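A.B. asks: following is a predicted model, sequence given first.
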Amino acid sequence: MNLIDRLKSSLIVTSLILTSYSLTACSSKEQQQQVSVDGAAVGFPISLAVAEEYQKVQSKAVVSVASSGTGGGISKFCAGEIDIVGASRTIRDEEIKKCKSKGIEFVELPIALDGIAVITNRENNFIKCLTIKEFNKLWNAKADGKVLTWDQVNSKFPKEKIKLYAPASDTGTFDYFSQAVTGKAKNSRTDYNPSHNQNTLVQGVAGDKYSLGYVGISYYLQNQDKLNLVAVESPQGKCEKPVPLDNVVKNIYTPLSRPLFIYVSKKSLDSKPSVTEFVNFYLENSWKWVDSVGYVALPDEAYVKVKQKFAKGETGTKFKKAKPGQPITNFI
């Protein structure tokens with residue numbers, strides 16, 4: 001059984017076991033050894049893999065890993081309820097203000113890359129490549145209730161009813177995709193089938209010939225036999241896909257390549273040595289498992305910069321200035 005299958009089969013059990021260990025640890029010494037991680041579904045397998053491997057070398061450590069979405073995780077993080085939050089987008093201004101009001105400073109650390117995969121039904125034979133203009137026409141808020149058949153997106157497409165599947169509006173994937181294809185975050189139509197569970201989105205697209213959706217690349221890789229992968233026209237006018245994954249690393253698949261993050265509480269770093277130890281292990285070793293769980297490792301120079309940033313304890317965000325498609329190393 002490969003690592004993806006192992007993680008999928010143990011996902012719920014492991015998370016519940018780790019969380020129960022955390023809840024039953026009562027002594028001050030035990031609490032010092034606890035590390036709590038929550039956040040985005042995209043990137044969750046990386047944190048879970050790191051936690052499993054970390055506990056092999058630090059048997060007394062208690063690491064809880066959960067996934068309540070980027071928005072839900074950051075809400076807990078800014079309330080001081082968790083040590084680390086995984087995010088598939090940068091932290092928002094209003095979230096920064098909430099953290100500040102609670103005295104929570106954070107260290108922003110990119111840990112991997114992801115390509116948002118645009119998927120269609122296996123029987124779909126007319127959508128091979130979409131331009132950003134066509135994406136905008138399809139997903140812009142102005143399309144709500146108006147762009148209902150495929151020929152409205154492109155006159156060469158059939159006059160068949162469009163059925164769309166996408167992550168829920170409070171997810172990082174939704175935010176990033178909306179920004180990338182419409183030029184504005186949250187500027188998305190609402191008449192689509194949303195879910196926090198991206199496997200549900202895969203099942204929806206796989207079951208409807210005229211459907212289209214978008215998910216993190218790992219969800220496509222796990223279901224290639226059920227789906228078609230749609231190419232996206234780059235700013236250079238070429239149709240590109242996130243597979244091979246090198247297209248994401250080299251920033252060829254634009255604008256739908258993005259960094260994934262962990263945000264670490266400065267308060268936790270100052271008060272719990274276990275958090276510092278865990279994050280150091282994370283940054284030193286996570287690249288070993290990133291590819292095997294369906295994501296893309298950072299360029300080597302990015303890992304060096306990230307470790308230097310963490311060692312300095314540099315707080316705040318630089319990535320809020322980044323636009324879709326810009327090299328990650330410009331903002332570390």
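C.D. replies: Perfect, thanks for sending it.
A.B. asks: could you measure from the nearest residue to residue 213 once chain neighbours are set aside over to residue 38?
C.D. replies: For residue 213, ignoring the flanking residues on the chain, the nearest one in space by Cβ to Cβ, 6 or more residues apart in numbering is residue 165 at 3.4 Å. C-beta: built from backbone N, CA, C; applies to glycine. Distance of residue 165 to residue 38, computed by Cβ to Cβ, to the nearest Å: 25 Å.
A.B. asks: show me where the stretch 151-300 of the chain has helices.
C.D. replies: 172-182, 198-206, 217-221, 246-249, 266-271, 273-285, 287-290, 300-312 (DSSP state H, counting those that start in this stretch).
A.B. asks: can I get stretch 161-179 in CSV? Just the C-alpha atoms.
C.D. replies: Provided in CSV are the C-alpha atoms of stretch 161-179 (Å, rounded to 0.1, in the frame of the first residue of the first chain):
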residue,chain,number,x,y,z
LYS,A,161,-26.7,22.5,-19.4
ILE,A,162,-23.7,23.3,-17.3
LYS,A,163,-23.2,21.7,-14.0
LEU,A,164,-20.4,23.0,-11.8
TYR,A,165,-18.7,21.6,-8.7
ALA,A,166,-16.3,23.6,-6.6
PRO,A,167,-15.0,24.0,-3.0
ALA,A,168,-17.2,25.9,-0.6
SER,A,169,-16.9,29.7,-0.5
ASP,A,170,-15.1,29.7,2.9
THR,A,171,-12.2,27.6,1.6
GLY,A,172,-8.7,28.8,0.5
THR,A,173,-9.1,26.9,-2.9
PHE,A,174,-12.2,28.9,-3.7
ASP,A,175,-10.5,32.2,-2.8
TYR,A,176,-7.4,31.5,-4.8
PHE,A,177,-9.3,30.2,-7.9
SER,A,178,-11.7,33.2,-7.9
GLN,A,179,-8.8,35.6,-7.7
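A.B. asks: show me what contacts the residue nearest to residue 227 when sequence neighbours are not counted?
C.D. replies: Leaving aside its sequence neighbours, residue 227 sits nearest to residue 119 (Cβ to Cβ, 6+ apart; 4.6 Å). Taking Cβ atoms under 8 Å, 6 or more residues apart in numbering as the criterion, residue 119 is in contact with 202, 205, 212-215, 220, 227-230.
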